[in-house]
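*Asks:* Dropping the sequence and predicted coords here.
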Amino acid sequence: MTDITQIAAAPELGLLRLRTLVRLRWLAVIGQAAAVLGVEFYLGFKLPLSACLGLIALSAWLNVFLNLRWRGSQRLSAQSAGLLLCYDVLQLAGLLYLTGGLQNPFSLLFLVPVTVSATSLPILWTASLGAIGLACTSFLSFYHQPLPWPDSVELTIPPIYVFGMWVAIVSATVFSAIYARRIAEEARVMSSALQATELVLAREQRLSALDGLAAAAAHELGTPLATIALVAKELKRELPANFEHNDDIDLLISQAARCREILTRLAVPEQLSDDLYFQVGLEAMLEDMVAPLRGSDVAINVDAKSNDLKKPDSAPTFRRNPAITYGLGNILENAIDFAKSKVDVKARWSASQVQVSVTDDGPGFDQAIFDQLGDPFVTTRPGYGEAEPGEPGQHEGMGLGVFIAKTLLERSGASVTLSNRKAPGHGAVIQISWPRVSVDVAKRA
């Protein structure tokens, strides 16, 4: 659980690589230079060319300095990345001041640094960059050099149009920042949760592999252990009856016999190469999962039968699958945690479908989070999010259990449905359904 906790508590935001910002700035340098030179020499509009090229050259020299000073693969701190993006905002504001302010159509580029910050930096830096961009936009709406235009044509832009540009830039910046941040946060949360899922599945696979390892170890240790027992018995037979170490030899023989008994319980030789050992009937699988959970105040009822009672199909046989074992086990544990007195586990099958439903008589799923059920880090247990602190010894949740169980079961080919019992009943209902051909060994064969 420690590894999963570390994944869930990982930093909220990834750090930007220096190479990423440098490449973005090179694109800006090339675009700005092309726009300035095109307006000056191709369109023939007069610009303060020296000042514009000076600002563009400053960005180019900054990139050269950064490349020489640090490795491009270095991850920047939030402060360093924020300051570099702040420079980009101010450099763009300087260029726009020289080329018409908000009358320049390229003024919409103010939203780029803020959007980059929203995807990678803490919200404080994003808000700060947005505020700086807003201040620059407001300043440029009143103070700027004339928009480059032919001397023979008088261009007069109404103030209401400039005000509209200001509103458009502010709205686009805010919307883009919120949208980009939301998407980036969802991607980070999903990535973190999937890492936890992979970790759990790897653990379950290792536990499942222990059965085979134990059987193989028992098989390999059987021969040398038999040799030890045989040599000890021969020594006892050859030595005189009053030999002073006879008791030690008897102890050695008894302990060797005990080891053989333990190894026999670990693995029967016939099972080592028998594929049937890795198969289990649906009802037996459910009973194996339920058995360790019995003994509490909650009664667990298992009911498994065919949908067609007149001409029942044979029960499906599953291949042992750590994903199914963990997913169903987690759902059963959750149902017992929330149930008042009983949990019903029903298994039904037909020629084409296998269904397992887990129903409890607890409070059911909270309607406030019903639409988010199955998403990572969503829980009503104490200890996470906005849930109330629990009493000492009370189970605390991270909001990953249902997500991991649902993900693992869906990987096995199942569809998982979560709902509440219909009134006047109360409690949660989780239904897992597989196409029979995807889990039944006989059908797959």
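*Replies:* That came through fine. Residues are numbered from 1 along each chain as shown.
*Asks:* okay, CA-based contacts and neighbour counts for the rest of this
*Replies:* Will do.
*Asks:* So for K443, what's the pLDDT?
*Replies:* Per-residue pLDDT puts K443 at 69.
*Asks:* Flag the shaky bits of this protein, pLDDT-wise.
*Replies:* Flagging of the chain using pLDDT under 70 yields the residue ranges 1-15, 152-154, 189-220, 263, 265-277, 370-400, 443-445.
*Asks:* how about the helices in it?
*Replies:* Remark: helices assigned in the chain by DSSP state H are 2-8, 18-37, 49-69, 78-98, 111-120, 123-140, 159-238, 246-266, 282-290, 322-338, 401-411, 436-439, 441-444.
*Asks:* nearest to V354, of those helices?
*Replies:* helix 436-439 (5.5 Å; Cα to Cα).
*Asks:* picking up where we left off before, so which of the helices of the chain is the most packed in?
*Replies:* Comparing those by mean neighbour count (mean count of other Cα atoms under 10 Å), helix 111-120 comes out on top with a mean of 24.
*Asks:* by how many degrees do that helix and helix 18-37 diverge?
*Replies:* 170 degrees (axes from the mean of the first three to the mean of the last three Cα atoms, to 10 degrees).
*Asks:* Which strands and helices lie in contact with helix 111-120?
*Replies:* With contacts defined as 3 or more Cα pairs under 8 Å, 6 or more residues apart in numbering; DSSP states H and E, the packing partners of helix 111-120 are helix 78-98, helix 123-140, helix 159-238.
*Asks:* Apply 10 Å and report the result again.
*Replies:* helix 18-37, helix 78-98, helix 123-140, helix 159-238 (3 or more Cα pairs under 10 Å, 6 or more residues apart in numbering; DSSP states H and E).
*Asks:* can I get those helices in CSV with distance to S314?
*Replies:* Shown next, in CSV, are the helices and strands packed on helix 111-120 (distance: least, Cα to Cα, whole Å):
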stretch, distance to S314
helix 18-37, 60
helix 78-98, 61
helix 123-140, 58
helix 159-238, 26
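*Asks:* Among those helices, which comes closest to V290?
*Replies:* Checking the helices and strands packed on helix 111-120 against V290 by Cα to Cα gives helix 159-238 as the closest, at 17.2 Å.
*Asks:* returning to what we had before: how about a markdown table for the helices of the chain, with distance to D366 added?
*Replies:* Shown next, in a markdown table, are the helices of the chain (distance: least, Cα to Cα, whole Å):
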| stretch | distance to D366 |
| --- | --- |
| helix 2-8 | 23 |
| helix 18-37 | 43 |
| helix 49-69 | 52 |
| helix 78-98 | 37 |
| helix 111-120 | 31 |
| helix 123-140 | 30 |
| helix 159-238 | 21 |
| helix 246-266 | 45 |
| helix 282-290 | 25 |
| helix 322-338 | 12 |
| helix 401-411 | 14 |
| helix 436-439 | 32 |
| helix 441-444 | 38 |
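*Asks:* Compare those and report which one is nearest to P146.
*Replies:* Checking these against P146 by Cα to Cα gives helix 78-98 as the closest, at 7.6 Å.
*Asks:* Convert the C-alpha atoms of that closest one to PDB, please.
*Replies:* Backbone C-alpha positions of helix 78-98 (Å, rounded to 0.1, in the frame of the first residue of the first chain) are rendered in PDB as follows:
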ATOM      1  CA  ALA A  78       8.000  26.200 -11.100                       C
ATOM      2  CA  GLN A  79       9.700  29.600 -10.400                       C
ATOM      3  CA  SER A  80      12.200  29.300 -13.200                       C
ATOM      4  CA  ALA A  81       9.500  28.200 -15.800                       C
ATOM      5  CA  GLY A  82       7.200  31.000 -14.500                       C
ATOM      6  CA  LEU A  83       9.800  33.700 -14.900                       C
ATOM      7  CA  LEU A  84      10.700  32.500 -18.500                       C
ATOM      8  CA  LEU A  85       7.000  32.600 -19.400                       C
ATOM      9  CA  CYS A  86       6.700  36.000 -17.800                       C
ATOM     10  CA  TYR A  87       9.600  37.200 -20.000                       C
ATOM     11  CA  ASP A  88       7.700  35.900 -23.100                       C
ATOM     12  CA  VAL A  89       4.600  37.900 -22.100                       C
ATOM     13  CA  LEU A  90       6.600  41.100 -21.600                       C
ATOM     14  CA  GLN A  91       8.600  40.600 -24.800                       C
ATOM     15  CA  LEU A  92       5.400  40.200 -26.800                       C
ATOM     16  CA  ALA A  93       3.900  43.300 -25.100                       C
ATOM     17  CA  GLY A  94       7.000  45.300 -26.200                       C
ATOM     18  CA  LEU A  95       6.600  44.200 -29.800                       C
ATOM     19  CA  LEU A  96       2.900  45.000 -29.800                       C
ATOM     20  CA  TYR A  97       3.600  48.400 -28.300                       C
ATOM     21  CA  LEU A  98       5.900  49.200 -31.300                       C
END
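*Asks:* quick one: contacts for S415?
*Replies:* By Cα atoms under 10 Å, 6 or more residues apart in numbering, the contact set of S415 is 355, 406-407, 409, 431-435.
*Asks:* Any idea what it is bridged to?
*Replies:* Per DSSP bridges, the residues bridged to S415 are S433.
*Asks:* how close does it get to P435?
*Replies:* The spacing between S415 and P435, counted by Cα to Cα, to the nearest Å, is 9 Å.
*Asks:* Next, show the common contact partners of those two.
*Replies:* With contacts defined as Cα under 10 Å, 6+ apart, the residues shared by S415 and P435 are Q355.
*Asks:* Can you verify my assumption that Q255 contacts A229?
*Replies:* Yes: between Q255 and A229 there is a contact under Cα atoms under 10 Å: 9.0 Å.
*Asks:* what separates A232 from A257, distance-wise?
*Replies:* To A257, A232 is 11 Å away according to Cα to Cα.
*Asks:* Need the overlap of contacts for those two.
*Replies:* 226, 251.
*Asks:* Now do the phi/psi pair for the residue nearest to W434 when sequence neighbours are not counted.
*Replies:* Excluding its sequence neighbours, the residue lying closest to W434 (Cα to Cα, 6 or more residues apart in numbering) is A414, at 4.5 Å. With angles defined as degrees, to the nearest 10, A414 sits at phi -90, psi 160.
*Asks:* burial count for A414?
*Replies:* A414 sits with 22 neighbouring residues when counted by other Cα atoms under 10 Å.
*Asks:* Contact partners for the nearest residue to A51 once chain neighbours are set aside?
*Replies:* In space, and not counting its chain neighbours, A51 is closest to L98: 7.9 Å by Cα to Cα, 6+ apart. Residues in contact with L98 (Cα under 10 Å, 6+ apart) are 47-49, 51-52, 104, 140, 143-148.
*Asks:* if we go to 7 Å?
*Replies:* Neighbouring residues of L98 by Cα atoms under 7 Å, 6 or more residues apart in numbering: 48, 144-145.
*Asks:* and the residues you listed, which are buried?
*Replies:* For the contacts of L98, a burial check counting by 16 or more other Cα atoms under 10 Å picks out 144-145.
*Asks:* and of the contacts of L98, the nearest to S59?
*Replies:* Of all the contacts of L98, S59 sits closest to P48, with 17.6 Å by Cα to Cα.
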